[in-house]
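Enquirer: Quick one, structure for this:
(one chain, ligands or ions: 2)
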Amino acid sequence: MTLYLVIPCYNEEAVLPETSRRLAEKLTALTAAGKISADSRVLFVDDGSKDRTWALISECHRADRRFGGVKLSRNRGHQNALLAGLMTAKERCDAAISLDADLQDDLDAIDRMVDAFHEGYDIVYGVRSSRETDTFFKRTTAQGFYKFMKLMGVDIVYNHADFRLMSRRALEGLSGYEEVNLFLRGIVPLIGYPSTTVEYERHERFAGESKYPLKKMLAFAFDGITSFSVKPIRWVTGLGFLIFLASILALLYILVVKLLGFTVAGWAATTASIWMLGGLQLLCLGIIGEYVGKIYTEVKARPRYFIEALELTPEEPEETAENQAE
Ligand code: UDP
Ligand code: MG
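Expert: Ligands and ions are numbered 1, 2, ... in the order given. As a prediction, this is how the structure comes out:
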């Protein structure tokens, strides 16, 4: 079985030497154990880094052909970089595992993912068993996010980020999703096929700093909700309906009051309702505009990435006999 480890890297020069060393060890161990074939690869995706990331990847590739690299033409963000890597791996592997360059995801979970693949699972989700290494803030916001997504009716795996194994046919399924607002952990459960989870401890980032500042995290969460759920629109519709009913009742009341001949100095009520309705309308327009914006970007169907360079040695000819035996 040919395994590809797909690793998006954005300005990761601080972690790459150590990461590639540990991944080489992992590949060697898995190959020796007969779990994966010798044409398995580590595929780094350079997401338009501004530092020496691509130079380091090329160096890795020259020193050891089990390392490959894809260079994107500019920074396209984590999800797009991941997709570029997975789609590059798709034709070349039996299964691909995506993980972060900082190795926060436990490498030993890879063994268990590969075992699950051999048992016949197409998708294996890496699920965090605890969030002790996170700051209080990240922990609560992340858990709130998962709960909120469930509430919105989006099917996502609790405490699963982007550490997962996907078989070739699952990857082919993924390639059919042509949306531009990529939120992979929402799309993958939609593909289906037999799937299971593997628990792991998440470590601290061992060098460099997080490439996901709060701003990017919030944008990502917001994308996740609006790309997968139409519930906000339903809520707006429901709210509009309720206000409409209320306004009919109010109209009846006003008519009755007028016919009975009470003149009310209704300044307070009038101004209050103008402000309230104005605010509500703005809010609703804003939410609807959010979706119109999404339609706009989807309709344009812009390409999501371009591969600028590819350094990858797909097969080792002398090993093919052994691969056949696998
Ligand atoms: N990453 C990327 N493009 C970006 C931002 C991040 O490819 O624009 C990669 C990054 O190199 C890392 C992974 O996405 O391999 C996760 O990022 P990070 O570890 O900084 O996020 P955190 O673990 O702090 O959430
Ligand atoms: Mg990280």
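Enquirer: How much space separates the nearest residue to residue 186 once chain neighbours are set aside from ligand 2?
Expert: Ranked by Cβ to Cβ, 6 or more residues apart in numbering and with sequence neighbours excluded, the top spatial neighbour of residue 186 is residue 228, at 4.7 Å. For glycine as for every other residue, the C-beta is placed from the backbone atoms N, C-alpha and C. Here the criterion is Cβ to the ion, to the nearest Å. By it, residue 228 lies 23 Å from ligand 2.
Enquirer: Is it correct that residue 228 is in contact with residue 183?
Expert: Yes. Contact criterion Cβ atoms under 8 Å: residue 228 and residue 183 qualify, at 6.6 Å.
Enquirer: rewinding a little: report the contact partners of the residue nearest to residue 186.
Expert: If you count contacts by Cβ atoms under 8 Å, 6 or more residues apart in numbering, residue 228 has them with 149, 152, 154, 183, 186.
Enquirer: I'd like the residues you listed laid out as a markdown table, including secondary structure, distance to ligand 2 and pLDDT.
Expert: Shown next, in a markdown table, are the contacts of residue 228 (DSSP: H, G, I helix; E, B strand; the rest coil; distance: Cβ to the ion, whole Å; pLDDT from 0 to 100):
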| residue | secondary structure | distance to ligand 2 | pLDDT |
| --- | --- | --- | --- |
| 149 | helix | 20 | 83 |
| 152 | coil | 25 | 80 |
| 154 | coil | 23 | 81 |
| 183 | coil | 18 | 88 |
| 186 | helix | 20 | 87 |
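Enquirer: Is the residue in the chain sticking out farthest from the centre in a helix, a strand, or coil?
Expert: Seen from the C-alpha centroid of the chain, the residue lying at the greatest distance (Cα atoms, centre = their mean) is residue 261, 63.3 Å away. Each residue gets one of three states, and residue 261 gets coil by DSSP: H, G, I helix; E, B strand; the rest coil.
Enquirer: Ignoring the adjacent residues along the chain, who's closest to residue 158?
Expert: residue 146 (5.3 Å).
Enquirer: Tell me which residues touch the one you found, please.
Expert: When the contact criterion is Cβ under 8 Å, 6+ apart, the partners of residue 146 are 156, 158-159.
Enquirer: try 10 Å this time
Expert: In this structure, residue 146 makes contact with 154, 156-160, judged by Cβ atoms under 10 Å, 6 or more residues apart in numbering.
Enquirer: PyMOL command for the buried members of these?
Expert: For anyone working in PyMOL, the buried entries among these, judged by 16 or more other Cβ atoms under 10 Å, can be selected with:
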select buried, resi 154+156+157+159+160
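Enquirer: Between the contacts of residue 146, which sits nearest residue 123?
Expert: residue 157 (9.6 Å; Cβ to Cβ).
Enquirer: What is the helix or strand encompassing residue 109 packed up against?
Expert: Element membership of residue 109, judged by DSSP states H and E, is helix 108-118. Under the contact criterion of 3 or more Cβ pairs under 10 Å, 6 or more residues apart in numbering; DSSP states H and E, the helices and strands touching helix 108-118 comprise strand 3-9, helix 16-32, strand 95-98, strand 123-128, strand 160-167, strand 195-200.
Enquirer: Just give the closest residue to residue 182, not the sequence neighbours.
Expert: If the residues on either side of it in the chain are set aside, residue 182 comes closest to residue 79, at 4.1 Å by Cβ to Cβ, 6+ apart.
Enquirer: and the residue lying closest to residue 20 once chain neighbours are set aside, how many neighbours does it have?
Expert: Leaving aside its chain neighbours, residue 20 sits nearest to residue 60 (4.9 Å; criterion: Cβ to Cβ, 6+ apart). For residue 60, the number of neighbouring residues by other Cβ atoms under 10 Å comes to 24.
Enquirer: Model confidence at residue 60, what's the number?
Expert: Here, the pLDDT recorded for residue 60 equals 93.
Enquirer: just the one 4 residues further on next, same as before
Expert: According to the predicted model, the pLDDT of residue 64 comes to 91.
Enquirer: hang on, it packs against residue 27?
Expert: Yes. Between residue 64 and residue 27 a contact is recorded at 9.2 Å, counting by Cβ atoms under 10 Å.
Enquirer: which one of those two has more residues nearby?
Expert: Remark: of residue 64 and residue 27, residue 27 carries more neighbours, 21 against 13, as counted by other Cβ under 10 Å.
Enquirer: Surely that one and residue 66 touch.
Expert: Yes. Residue 27 is in contact with residue 66 according to Cβ under 10 Å; the separation is 5.6 Å.
Enquirer: intersection of neighbour lists for the two?
Expert: Residues touching both residue 27 and residue 66 (Cβ under 10 Å, 6+ apart): 5, 38, 40-42.
Enquirer: out of those residues, which one sits closest to ligand 1?
Expert: The shortest separation between ligand 1 and any of those is 11.9 Å, and it belongs to residue 5 (by Cβ to the nearest ligand atom).
Enquirer: Noted, bye for now.
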